[in-house]
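Undergrad: Sequence plus predicted model, see below.
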Amino acid sequence: MPADPEKGSYQTALRLIETLRLLPRYPRTITANELRDRLEGRGFAVHIHTIQRNLNLLSAHYAIHGDESKPQHWCWAKDAIVTELPGMDPLTALAFRLARLHLSPLLPPTLLAQFDPYLLAADRILGDQNPTYRWADKVRLIPTGLALLPQTGNAGVIATVSEALLRECCFTARYRNRDDAEREFRQVHPLALVLRGPALYLLATLNDYDDIRQLRVHRFQSAELLPYQPCEGPNHFDVDAYIRAGGFEYPESAPIQLVVRFDRDAAWHLYETPLSIDQQITAEDNDWMRLSATVNDTPLLRWWLLGFGSGVEVLGPATLRAAMAETAQQMAARYRSE
């Protein structure tokens, strides 16, 4: 039975569309062989020479190009206008705007740059006339603590650290400790980035050690990719499990049963945003409330309690009460008039 020419044209059209979708944006590239493997994974078996002819044909109509290397590497041009099938809807455009606004510290520059063509396309297609798209102008995220200026570092070094995490490879680095001492790391195995307040942390293992270290990204003085050295971290590392286990809380001990007296105004917000699921608040009189809750004894807890000043009194546990009393005495001594 002769082949159906219409079906063949249909398959060719689908393959060409998928080819355009698989091409990365500059500076990332892909070879014809890699493209063939990915097309085969999507059900399009095609000869390598056919792919090369298709790429040359498509480059005459779309902003894609191949370099002069052998094998040739292909990509979308850096300034190529985004073409999506189907067209970008308002909800997708809004997601891109919000991601660009709030995820910038957590994305490597090579990925962050890829937002810009989508944002330009969204602006061009939707503009300021669509209420869904304008939602990003109506919502803001404000930190609950004192708004500190973000830490700054060498942009190129930070880009290298992010790129190593993206590519799951190691990098060498010079790192400045808090005491200004410099250290040399011959292999940094990046595991995750965590934004905690204004500080961006890299979770990583160093050299041949297995313990997970927290490294402030802005303290890296230099970094160089080791693209052929795969990252080797702890088996099944889960950043969420690490955080839930108190990785960033630095607890002084096992969870404690906190008992405190708050003046009524200070305690009011804890009715709506409790400290723990077992929190209990009872009224002592018209001015004071007693609160109990199971919490981790961390520096953050102590800073939070001290922030209430004379509006709080720690009753238990005894060790925490003693520590708070000592801090209060030291503060009083510093403010005492000569």
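TA: Perfect, thanks for sending it. Numbers count the residues shown, from 1 in each chain.
Undergrad: ok, which stretches of the stretch 101-250 of the chain are strands?
TA: 169-176, 182-196, 199-206, 213-216, 220-230 (DSSP state E, counting those that start in this stretch).
Undergrad: out of those, nearest to Ala254?
TA: Smallest distance to Ala254 across the strands of the stretch 101-250 of the chain (C-beta to C-beta): 21.4 Å, for strand 213-216. All C-beta atoms are positioned from the backbone trio N, CA, C, and that covers glycine.
Undergrad: Contacts for that closest one, please.
TA: With contact meaning C-beta atoms under 8 Å, 6 or more residues apart in numbering, strand 213-216 is reached by 151, 175, 188, 199-206, 247-248.
Undergrad: Output the host helix or strand of Ala13 as CSV - backbone C-alpha positions only.
TA: According to DSSP states H and E, Ala13 maps onto helix 5-22. In CSV, the C-alpha atoms belonging to helix 5-22 read as follows (Å, rounded to 0.1, in the frame of the first residue of the first chain):
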residue,chain,number,x,y,z
PRO,A,5,1.7,11.8,1.4
GLU,A,6,-0.6,13.9,3.6
LYS,A,7,0.3,11.9,6.7
GLY,A,8,4.0,12.2,5.8
SER,A,9,3.7,16.0,5.5
TYR,A,10,1.8,16.1,8.8
GLN,A,11,4.6,14.2,10.6
THR,A,12,7.2,16.4,9.0
ALA,A,13,5.4,19.5,10.2
LEU,A,14,5.2,18.2,13.7
ARG,A,15,8.9,17.3,13.7
LEU,A,16,9.9,20.7,12.6
ILE,A,17,7.8,22.3,15.3
GLU,A,18,9.4,20.0,17.9
THR,A,19,12.8,20.9,16.5
LEU,A,20,12.2,24.6,17.1
ARG,A,21,10.9,23.8,20.6
LEU,A,22,14.0,21.8,21.5
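Undergrad: Make CSV out of the strands of the stretch 101-250 of the chain and add mean neighbour count, mean pLDDT and distance to Gln257.
TA: Putting those into CSV (neighbours: other C-beta atoms under 10 Å; pLDDT from 0 to 100; distance: least, C-beta to C-beta, whole Å) gives the following:
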stretch, mean neighbour count, mean pLDDT, distance to Gln257
strand 169-176, 20, 93, 40
strand 182-196, 17, 90, 27
strand 199-206, 20, 89, 30
strand 213-216, 17, 90, 28
strand 220-230, 15, 90, 41
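Undergrad: any chance of these in JSON lines, with distance to Leu306 too?
TA: What follows is the strands of the stretch 101-250 of the chain, written out as JSON lines (distance: least, C-beta to C-beta, whole Å):
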{"stretch": "strand 169-176", "distance to Leu306": "30"}
{"stretch": "strand 182-196", "distance to Leu306": "20"}
{"stretch": "strand 199-206", "distance to Leu306": "21"}
{"stretch": "strand 213-216", "distance to Leu306": "24"}
{"stretch": "strand 220-230", "distance to Leu306": "32"}
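Undergrad: Among these, which comes closest to Val139?
TA: strand 182-196 (18.6 Å).
Undergrad: low pLDDT regions in this protein?
TA: Residue ranges of the chain with pLDDT under 70: 1-8, 81-89, 107-112, 114-115, 122-129, 143-153, 251-253, 337-338.
Undergrad: Break it down into its structural domains.
TA: The chain breaks down by automatic domain parsing into domains covering 5-76, 90-137, 155-234, 256-335.
Undergrad: In TSV: these, plus distance to Asp240.
TA: Shown next, in TSV, are the domains of the chain (distance: least, C-beta to C-beta, whole Å):
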stretch	distance to Asp240
domain 5-76	28
domain 90-137	14
domain 155-234	9
domain 256-335	17
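Undergrad: And those domains: which comes nearest Ala241?
TA: Of these, nearest to Ala241 by C-beta to C-beta is domain 155-234, at 10.9 Å.
Undergrad: if we can go back for a sec, can you pick out the most distant pair from the contacts of strand 213-216?
TA: Spatial extent of the contacts of strand 213-216 (C-beta to C-beta) is set by the pair Gln151 and Thr205 at 22.7 Å.
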